[in-house]
Each structure stands twice: as structure tokens, then as C-alpha cells.
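Student: Sequence first, predicted model second:
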There are 2 protein chains.
Amino acid sequence: MEGVVEPLYRKIRRDIVECELTPGKSFSEAELGRLYNAGRTPVREACRRLEREGLIRIIPFRGYMVTPLSVSEFKDLEEMQLIFEPEAAALATERATDEELEKILRLAHYEYRLDDKQSYREFVQKNYELHSLIAQCTRNRRLHEVIGNVHVRLMRFFYLGIPLDSYGQALAAEHLAMANAMRARNAGEARQHAETHIRNAMDRSSKLLMDAIRFGEAVFDTASVAGTIASPGRRSTKNTQ
Amino acid sequence: MEGVVEPLYRKIRRDIVECELTPGKSFSEAELGRLYNAGRTPVREACRRLEREGLIRIIPFRGYMVTPLSVSEFKDLEEMQLIFEPEAAALATERATDEELEKILRLAHYEYRLDDKQSYREFVQKNYELHSLIAQCTRNRRLHEVIGNVHVRLMRFFYLGIPLDSYGQALAAEHLAMANAMRARNAGEARQHAETHIRNAMDRSSKLLMDAIRFGEAVFDTASVAGTIASPGRRSTKNTQ
DNA sequence: TCGGAGCGATCTGTATACCGAATGTCCGGT
DNA sequence: ACCGGACATTCGGTATACAGATCGCTCCGA
């Protein structure tokens, strides 16, 4: 029975990351306990962890709330990526085993088709695995954790389809360039490719974010209350509630 | 009554950081509750947070344990500093207010006298404030948190007097150079100074670490089980227990 | 009719008790 | 001397109780 809180935590986290639990939605401990059928204590604990990871916000005597997506969070996270990942790529280039580099290369081949929603979700997942594996190859466990957390938080945005849409080939090309540099054990070049990869991602996403905001489509900033319309045809009863 | 867990958490964290609770020491929830007179629930919660920060380790059915100091953790943390702080200094240079830059400069003036233990502890504290303030000036809250956490974990080593000893002036000089560059709004130079500062710190500490290990003085590594040899004449009954 | 004070509902925060599970220890048998 | 099982300890999880805080509703007065 070792793991009741751990699976629960993972389930909730997955649902948040995949925007199954809409950002900005608020709920009580009991409610969440019913939803995942678990007692109040494990729910509390899971929520505490999620709060520390920035996925849930605790409103002092009113309950919990899925952290609303905000432009500022997105910017912060991307800025962190820009700082962390190029160095991580360089370190990984020097420290990874040949097998790991092969696996990285394999993951870098992933693309997705625009017409297929499922393919996109898979890509987001593989993209995470790629970045996480690179971080792991730094052989710096703490760094790996931090980079992983940053990416997890970014994935919520990805799952909304905001920053990646319609850039499948470009992304894969950048991934490949980086993976190849790593495989050639060229740390400097790997760093460079990683940096331009992140910079490009930032450019693309800022464009898409602008559009999204212009269309009033999703993301919100500032003082909480992020009603989330998300995709058309999605029920959004009691979203801000 | 909002804050019972928060102060408790802070107290425990402070005691761990200041090595008041010796690294490697193990204890039960009840024990800790008695020590800080608090209930089991707040203790649990505080320990969970400390675990996520890497200051406490949970041994599945045997209790808790102050994370033993390990060379690998030290190396990891310094490597992270080397990645984060130069960029943070550069960002802060561009984003800080004039007042903040003044305060940074003021903090950078801190030195310590070798003969005075209290002065050293103060220095460690001020050093933390300096680095934390710089991180805060990046205006990237998440980045600030991460850098703060890294530094907090490093402080345990500092409080053991390991990596700083007898480098007071050198440290202050490096701090000053960086702070001055920041005040001149020269981001590139600030980054450069920060980088050499961290690199120097790494060199110095690796020397001192070697010595410390040679003298069997403190730090432990590898697979958990840090029997605490520490100082000669120290009983080590039930150390791994 | 409108506005403000007060009351109650609800939920978190915290403490405590209890059961089950797992592990290390100790003791006794082979 | 070695091995195996019972016991104590301690954590993991749940239920429960209670205090405090917040919100919303009602009621009363202007």
C-alpha cells in the first residue's frame, strides 16, 4: 500500500497538465477526493506537492484552484528554459552514454501531423521525454528535476495548442540538429542549437500568444479568475466558480 | 491561526541549514513534534516540504533523516549556480531599480573576520541575501525560487565552514566587482564577474573539500548510510539506525 | 426599496485516535 | 552458529472533532 498518494498525485498532475482540469477551476478537498475517490489526507498531500510545483494555487480558507495560465508565467518559464537547456545540452553532450545519445536522436525524429489531434498530444509527450532525457544526461539530479518541472509547467500551454501549432517540421528539424551535434560530441554546437531552438520557440509562441489573446481564446493573466474557453464545443460550466 | 505549519517549517529549515540538526541524523515524527512542540500533522507537512527541497530524506518505513551532506550534492549545486547566477546577474542588471542596485552594492560590501565565528555566520546570511536579491531582480519569480533553493542547500555546507573559510576578502572583492558592473548597467560584465565569482568559489571549495575529506572532518557521500564519524571522540551508536 | 449588520453554512487548518502494513530486532529452536 | 518467526516500532492512511475564517443570505432599520 506504499503508494496511494503517489499515484493520486500523478493522476491529478496529468489531468492538470493535459488541461483536463481546466486552469482557473476551483475545488474543495472533499470534491477532489470524491472525483478521484481518495480520502482527504492523501488529497491534501498531493495538492501540497502540486502547489509547490506551481500547478495548483491554495486560496487560504476557500479551497484550491488550478493555477490559471498566465502570460507572465509562460514568459518566466521560457526564460528559464533559455537559461537552463543550452547548458544542459552542452553538459549532456559530454556526459551521456552512446546509448543515451542514440535514444535522444530517436526521440528527436518525432514529428506530428496537423490534422491529427492525437498525434499532437503524442508529440507533446515525446517532446517532454526528449528534454527530460537530455537533462538527465547532465548527471546532475537536481538540475534534472528543475528542468523537468519547468517543462511540465510549460506543457499545460502546449496542450492548449498555443505555442506549437503548425510548427511540427521546424521543431523536429531543430531537435534533429541539436541531437546530431550531441551525437558528434560537439558540446558547443549542441549548446548553440539548443539556444536557437528555445529562441525560436519563444518567437513562435509569442506570436501565437498574441493571436490567442486577440481572439480572446484562452490565456489570462493577472488577478486569478481565468475563465477557460479552450476548444470550441467544450463545456465550461462553473469554470471560474 | 493560518500559520502554524509555516513557522514550524521555517524553524526546522533554519536548524537544518545551520547544521543545528546534524546532517545524517534520523528521527521520527513524534520525536520532532516533541522537539518543536507541535502536532504530528504540521510536522508531517513541514517534513514533506523539506523533503521536496532536498533537506530531508524520507526512509519509507523507518522515519526521516536530515539529508546527509554529500560531495555529489555539493558539486551538483555548484554546477547549477554556475549555470543560473551569471544569467541572473545579467538579467538583474537590466531589470533592477536603482534602489535595488544600491542595496546590492551595500550587501556586497560585507566581509567577515576570521577570528569571529559570529561574524562568519552573519556573512553567510548576508551572502544569501545578496544572491537572493539579485535573483529577485530578474523579475522572474520562478527563477528566483529556484536560485534561492539552490543557495539554501549550499548554505548547509557553508555553515560547516567548509568552502568559504579564510577567503573573506577575496569573496567581498568579487562581490564588489559584480555589484559595480551591475550598477553601471553593464550586463555583460556583470555576467562575466558572476561567472568568475562562481568559478573561483568552486575552485576554493574543491580544495577545501579535499582537505576536509582527508581529515575525515565531516562530509559524506554515496549510498545514504552516513554514519556520522564527524569529529573524533564522537559516539556513533545507532547512527544508521 | 435599499443598504448594512449579523448570523449561519461551509470549508480549511489542525489535532488526535485508530488500524493496517512494513521493517528491524530479538529470541528461541534446530 | 545459523535460521526463522514473533514482537515492537514507526510510518501510511483514514476518520473524526473542533476552531477559525470567509461568504452569502437574511433580516431589520432608515
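Tutor: Structure received.
Student: Please make it C-alpha for all contacts and neighbour counts, starting now.
Tutor: OK.
Student: Next, the distance between the ends of stretch A:49-67.
Tutor: Its start and end residues considered, stretch A:49-67 measures 13 Å (C-alpha to C-alpha, to the nearest Å).
Student: can you list contacts of it?
Tutor: Contacts of stretch A:49-67 from elsewhere in the structure, counted by C-alpha atoms under 8 Å, 6 or more residues apart in numbering or on different chains, are A:9, A:13, A:16, A:21-29, A:47, A:149, A:153, B:2, B:49.
Student: just stretch A:80-88 next, same as before
Tutor: Identification of contacts with stretch A:80-88 by C-alpha under 8 Å, 6+ apart yields A:134-135, A:138, A:147, A:150-151, A:190-195, A:198-199, B:83-84, B:87, B:143.
Student: So which residue is dead centre in chain A?
Tutor: The C-alpha lying nearest the average C-alpha coordinate of chain A belongs to A:Met155 (C-alpha atoms, centre = their mean; 2.1 Å).
Student: separation between the residue nearest to A:Glu174 when sequence neighbours are not counted and A:Met80?
Tutor: Leaving aside its sequence neighbours, A:Glu174 sits nearest to A:His197 (C-alpha to C-alpha, 6 or more residues apart in numbering or on different chains; 5.8 Å). Taken as C-alpha to C-alpha, the spacing of A:His197 relative to A:Met80 amounts to 14 Å.
Student: what's the burial count for A:Asn149?
Tutor: A:Asn149 has 16 neighbouring residues, counting by other C-alpha atoms under 10 Å in any protein chain shown.
Student: related to what we said a few turns ago, would you double-check that the residue nearest to the centre of chain A falls in a helix?
Tutor: Yes - secondary structure assignment places A:Met155 in a helix (DSSP: H, G, I helix; E, B strand; the rest coil).
Student: picking up where we left off before, of the contacts of stretch A:49-67, which belong to helices?
Tutor: Taking DSSP state H, the ones among those that sit in helices are A:Tyr9, A:Arg13, A:Ile16, A:Glu29, A:Cys47, A:Asn149, A:Arg153, B:Arg49.
Student: So which of those wins on neighbours?
Tutor: Of all the ones in helices among the contacts of stretch A:49-67, the most densely surrounded is A:Cys47 (25 neighbours; neighbours counted as other C-alpha under 10 Å).
Student: Measure how the helix or strand where A:Ala92 lies sits relative to helix B:71-95, angle-wise.
Tutor: Under DSSP states H and E, the secondary-structure element containing A:Ala92 is helix A:71-95. Taking axes from the mean of the first three to the mean of the last three C-alpha atoms, to 10 degrees, helix A:71-95 and helix B:71-95 form an angle of 140 degrees between their directions.
Student: for the record, mean pLDDT for helix A:71-95?
Tutor: Mean per-residue pLDDT for helix A:71-95: 97.
Student: what's the following helix or strand after it?
Tutor: The first helix or strand that comes after helix A:71-95 along the chain, using DSSP H and E, is helix A:98-108.
Student: Please work out which residue of chain A is closest to DNA strand C.
Tutor: When distances are taken as C-alpha to the nearest atom of the strand, chain A approaches DNA strand C most closely through A:Ser28, which lies 3.0 Å from it.
Student: need the contact list for that residue.
Tutor: A:Ser28 sits next to A:Arg62, A:Gly63, A:Tyr64 when contact means C-alpha under 8 Å, 6+ apart.
Student: Now do the phi/psi pair for it.
Tutor: phi -100, psi 170 (degrees, to the nearest 10).
Student: count of residues packed around A:Tyr159?
Tutor: For A:Tyr159, which is what you asked about, the neighbour count (other C-alpha under 10 Å) is 19.
Student: Need the phi and psi values for the residue nearest to it when sequence neighbours are not counted.
Tutor: Once its chain neighbours are removed from consideration, A:Tyr159 has its nearest residue in A:Glu18; the separation is 5.7 Å (C-alpha to C-alpha, 6+ apart). Here the main-chain torsion angles of A:Glu18 (degrees, to the nearest 10) amount to phi -90, psi 10.
Student: Fine by me, thanks again.
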